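> Below: sequence and its predicted model.
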Amino acid sequence: MQPSNLILRCYGYKANGMWTAFCLDFNIAVEAETPEQLKVKMHDMIESYIETALDTDDNGSVVSLMLRRAPLRDWIVYYTLCVIFGLRNLPGKILFKQIIPFHMAGHC
């Protein structure tokens, strides 16, 4: 596995006083009152999602859950924001990346 495979792409925006974020790699969404809370909630949601996806005996479903991607329109928004953020900062919008959370198994 390459290190870049451990990075999940996310974006968020503020509307009606609340922040909403999307994790494109797992098609997960969260809401919070601040960007900082949003990132924490997204991290927790990703961790919970991975634990749940891996907690099955059905290997076929594990593969499909770990490869569940957001719809094309969300990817277009993400890459459009990447281009715009490369040129200037946008108020009320954020781009961020989450590292896939994992716990090292104990040594025997």
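It's in.
> what comes up buried for stretch 50-66?
Residues of stretch 50-66 classed as buried: 50, 53, 65 (neighbour count, 16 or more other CB atoms under 10 Å). C-beta coordinates here come from the backbone N, C-alpha and C atoms, glycine included.
> which ones among those residues are found in helices?
If you go by DSSP state H, those have 50, 53, 65 in helices.
> does the first one really touch residue 99, like I thought?
Read that as residue 50. No: contact between residue 50 and residue 99 fails when scored by CB atoms under 8 Å: they sit 11.6 Å apart.
> what about the helices in the protein?
Along the chain, counting by DSSP H, helices occupy 35-54, 59-66, 72-87.
> Could you identify which of the ones you listed is most buried?
Mean neighbour count (mean count of other CB atoms under 10 Å) peaks for helix 35-54 among the helices of the chain, with a mean of 15.
> Not counting its neighbours along the chain, what's nearest residue 65?
Using CB to CB, 6 or more residues apart in numbering and skipping the chain neighbours, the partner closest in space to residue 65 is residue 53 (3.9 Å).
> residue contacts, that neighbour?
Counting by CB atoms under 8 Å, 6 or more residues apart in numbering, residue 53 touches 61-62, 65-66.
> per-residue confidence at the residue nearest to residue 66 when sequence neighbours are not counted?
Among residues not flanking residue 66 along the chain, residue 53 sits closest, at 5.9 Å (CB to CB, 6+ apart). At residue 53, the pLDDT value in this model is 87.
> how much space is there between residue 53 and residue 67?
Separation of residue 53 from residue 67 (CB to CB, to the nearest Å): 10 Å.
> in this structure, what spans have low per-residue confidence?
1-5, 87-89, 101-108 (pLDDT under 70).
> Quick test: name the residue nearest the centre of it.
Closest to where the C-alpha atoms of the chain average out (CA atoms, centre = their mean) is residue 23, at 2.6 Å.
> List the residues that contact that residue.
If you count contacts by CB under 8 Å, 6+ apart, residue 23 has them with 8-10, 29, 42, 45-46, 70, 98.
> Kindly provide the distance from it to residue 99.
For residue 23, the distance to residue 99 - CB to CB - is 12 Å.
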